[in-house]
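Student: structure of the sequence below:
(2 chains)
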Amino acid sequence: MKEKFTTITSTCVPMPAENIDTDRIIPARFLKSTSREGFGEKLFYDQRFDADGNAVADFPLNNPAYGGIILVAGKNFGCGSSREHAAWAIHDYGFRVVVSSFFADIHKNNELNSFVLPVTIPQDMLDKLLLAITADPSIQVIVDLENQMIKCDAIGMEYKFDINPYKKYCLLNGLDDVDYLLSRRDDVVAYENKTNK
Amino acid sequence: MAKTLFDKIWDAHAVNTISDGPTQLYIDRHYCHEVTTAQAFDGLRRRGIQVFRPERTFCTPDHNVPTKDQHLPIADPVSRNQVETLERNAKEFGLTYFPLGSERNGIIHVIGPENGLTLPGMTIVCGDSHTSTHGAFGSIAFGIGTSEVEMVLASQCVLQTKPKTMRITVDGKLAEGVTAKDVALYIISQLSTGGATGYFVEYAGEAIRSLSMEGRMTLCNMSIEMGARGGFVAPDEVTIEYCRNRSYAPKGAEWDKAVEYWLSLKSDDDAVFDREIKFNAADIKPRITFGTNPGMGIAIDEKVPGAPADASAAASFADALTYMGFESGKSLLGEPVDYVFVGSCTNGRIEDFRDFASIVKGRKKADSVTVWLVPGSRAVESQIRKEGLDRIFEEAGMELRQPGCSACLAMNPDKIPAGKLSVSTSNRNFEGRQGPGARTILASPLTAAAAAVTGCITDPRTLATK
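Tutor: Residues are numbered from 1 along each chain as shown, chains lettered A, B, ... in the order given. Now for the predicted structure:
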């Protein structure tokens, strides 16, 4: 059912702002749907569109120079609300990787559970990458999950990123946590008996 | 080996640990509201499975609900559908549901403790980042995403990487007019909005111990605003007294046994935390925020600071001030206010309305201000009326509404219009959080009251009635 994560080579969309919260990624008034689909069109809605619904020309997602399936964002990406809709919106819009120097905890889990790979790189590297892709939107970045490598030849960047081995295995094989947990229900019963739950 | 309280509760709930991976953590209590659960129930249906432990999950609608005329059907069909979907799912899967308008309805983080569903030593989750509120009882409580909601429904467990531990100690006594909200805003401004990411916080020290349960809930609620998954206060007599005789709390011999266990829940004296931070209560004054995240805060009589040195941080700082219409070097005292909102899972409890009333009593609402007073639950609303606080509000020209999340997050009819300045007792001042273009200043109920009666940002200590 789920996709399997493969190596990605893509241009990037720069979002240099820091502390981009999940209300900004998707405002609460768009959370009323009861399905997982269709949130991409609301991604960054209040910055992407003005009060009359017209596209804001200089917003990165509206700038035709920028494209690709890698979002590069300022530090502390995804802080605030736990809404997984933020990760669904990022995925539904078409992004598969978000690169930042720092992710908020809950959102990071939500990305991993929504088939978006959060890649953490050092701040100085992020600054350099943001400058480069803003100046030259044709620059390509390679994200190789198997080897945990992010590379950008144009700026001589090569970095081995961290990921929990279990989550890496899940992404590479298209597995989800519920399948795993269902296979462990006997352990839960044993735990409940042992602890008098 | 000496252990922190966090380690003790965590270890007592670890069913398994995947090698090189997360812990399979057993969840004692699971709360559901309408916004973050529908897709999880769909997941169960797709897999053809039932809820594994239905007696451990409790559901109520709070985010979408209007705070007027709750006896009428919800006007917005999309909101109504989301609320009805939760009710249908609760029924289909055999879960307890507190419907809109019923005695037990309210904001999930307010009604959980009120009903004795939140108890010390528990693991508690909800698809909502302010689940950290329940840490006030000495429980490990944290927000989760919808995929994780599905995990809990399917297996009563979540997979979580164990966070690091941080102890924040606030020594000394809080000054008059300084509330738990001010303590929270102070700590967050010192640590920044991401400063506790990766940690679970234990709050300790005299100033924390002196807080009521309501105050501790306010403080723990805001833990997420510095990036921490959660924060808690070890249980003590204050905790026990709050829990006594609550509907779902244990009774008789069970209660005695529980109390003995709860009072044993503390960090060992020689336990080592990954990070220790100490503050002095004497340094904390009434606080307000000036920017667009909760870490951008100052004491109410301080001036808006200058931009940080780091270039990318400075750019975001400048954007925030532009959005708010404020300038570095200027005081916000006297700044005209358009809206005052008292409520939310942060400050929607009875003590908050008592605080608010203490300043409003005998005064009138400023003509230029719209005031929304939204109790966190039906029980809080009843208590407000029982204590006659509603008459104080009425005489001041203020409106007491019905319970719900209201203007905290702009997904129900209570939205702050674009450009308007709101003094809000809620938890987030993000761009657009209270409505597209709305400008939010976070503050305590006392500071909110001072703004409501003067029409501008005012130090509540200048209005305090002895």
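Student: quick one: residue A:5 and residue A:115 touch, right?
Tutor: Yes: using C-beta atoms under 8 Å, residue A:5 is in contact with residue A:115, at 7.1 Å. Where you see a C-beta, it was placed from the backbone N, CA and C, and this is true even at glycine.
Student: pull up the overlap in contacts between the two.
Tutor: Listed contacts common to residue A:5 and residue A:115 are A:96, A:171; contacts here mean C-beta atoms under 8 Å, 6 or more residues apart in numbering or on different chains.
Student: pull out the buried positions in stretch B:163-175.
Tutor: B:163, B:165-170, B:174 (16 or more other C-beta atoms under 10 Å in any protein chain shown).
Student: save those residues as JSON lines, and put in pLDDT and secondary structure too.
Tutor: Shown next, in JSON lines, are the buried residues of stretch B:163-175 (pLDDT from 0 to 100; DSSP: H, G, I helix; E, B strand; the rest coil):
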{"residue": "B:163", "pLDDT": "97", "secondary structure": "coil"}
{"residue": "B:165", "pLDDT": "98", "secondary structure": "strand"}
{"residue": "B:166", "pLDDT": "98", "secondary structure": "strand"}
{"residue": "B:167", "pLDDT": "98", "secondary structure": "strand"}
{"residue": "B:168", "pLDDT": "98", "secondary structure": "strand"}
{"residue": "B:169", "pLDDT": "98", "secondary structure": "strand"}
{"residue": "B:170", "pLDDT": "98", "secondary structure": "strand"}
{"residue": "B:174", "pLDDT": "98", "secondary structure": "coil"}
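Student: got phi/psi on the residue in chain A positioned nearest to chain B?
Tutor: Scanning chain A for the residue nearest chain B gives residue A:166, at 3.0 Å (criterion: C-beta to the nearest C-beta). Here is the backbone geometry of residue A:166 (degrees, to the nearest 10): phi -60, psi -50.
Student: distance check, it against residue B:403.
Tutor: 41 Å (C-beta to C-beta, to the nearest Å).
Student: which of those two has more neighbours?
Tutor: A side-by-side neighbour count of residue A:166 and residue B:403, using other C-beta atoms under 10 Å in any protein chain shown, places residue B:403 first with 26 against 19.
Student: burial measure for the closest residue to the more buried one other than its chain neighbours, as a count.
Tutor: Nearest residue to residue B:403, sequence neighbours excluded (C-beta to C-beta, 6 or more residues apart in numbering or on different chains): residue B:106, at 4.4 Å. By other C-beta under 10 Å, 31 other residues sit near residue B:106.
Student: and the pLDDT for residue B:106?
Tutor: We have a pLDDT of 98 for residue B:106.
Student: which strand residues bridge it?
Tutor: Beta-bridge pairing of residue B:106, defined through DSSP bridges, involves residue B:377.
Student: that one contacts residue B:378, correct?
Tutor: Yes: at 5.6 Å, residue B:106 and residue B:378 qualify as touching, with contact defined as C-beta under 8 Å.
Student: touching both of the two, which residues are there?
Tutor: Common neighbours of residue B:106 and residue B:378 (C-beta under 8 Å, 6+ apart) are residue B:403.
Student: where does chain A dip in pLDDT?
Tutor: Counting by pLDDT under 70, chain A shows low-confidence ranges at A:1-2.
Student: how is chain B divided into domains?
Tutor: B:5-275, B:290-462 (automatic domain parsing).
Student: centre of the chain versus the longest one, how much separation?
Tutor: By that I understand domain B:5-275. 10 Å (C-alpha atoms, centre = their mean, to the nearest Å).
Student: so what would you say the end-to-end distance of that domain is?
Tutor: Taking C-alpha to C-alpha, to the nearest Å, domain B:5-275 runs 14 Å from one end to the other.
Student: tell me how many other residues surround residue 193.
Tutor: You didn't say which chain, so I picked chain A. Neighbours of residue A:193 (other C-beta under 10 Å): 9.
Student: oops, chain B please
Tutor: Other residues close to residue B:193 by other C-beta under 10 Å number 26.
Student: again, but for the one 10 residues further on
Tutor: The criterion is other C-beta under 10 Å. On that basis, residue B:203 has 26 neighbouring residues.
Student: ok, the residue lying closest to it once chain neighbours are set aside - contacts?
Tutor: Using C-beta to C-beta, 6+ apart and skipping the chain neighbours, the partner closest in space to residue B:203 is residue B:233 (5.1 Å). With contact set as C-beta under 8 Å, 6+ apart, residue B:233 has these partners: B:135-138, B:202-204, B:208-209, B:211, B:216, B:219-220, B:239.
Student: roughly how far does residue B:233 sit from chain A?
Tutor: 21 Å (C-beta to the nearest C-beta, to the nearest Å).
Student: and that residue, what pLDDT?
Tutor: pLDDT at residue B:233 comes out at 98.
Student: now do the contacts for residue B:314.
Tutor: B:307-308.
Student: checking my notes, it in a helix, right?
Tutor: Yes: applying DSSP: H, G, I helix; E, B strand; the rest coil, one finds residue B:314 inside a helix.
Student: looking at chain B, which residue is nearest chain A?
Tutor: Counting by C-beta to the nearest C-beta, chain B gets nearest chain A through residue B:21, at 3.0 Å.
Student: name the nearest residue to that residue, sequence neighbours excluded.
Tutor: residue A:166 (3.0 Å).
Student: now do residue B:28
Tutor: Closest to residue B:28 by C-beta to C-beta, 6+ apart is residue B:122, at 4.1 Å.
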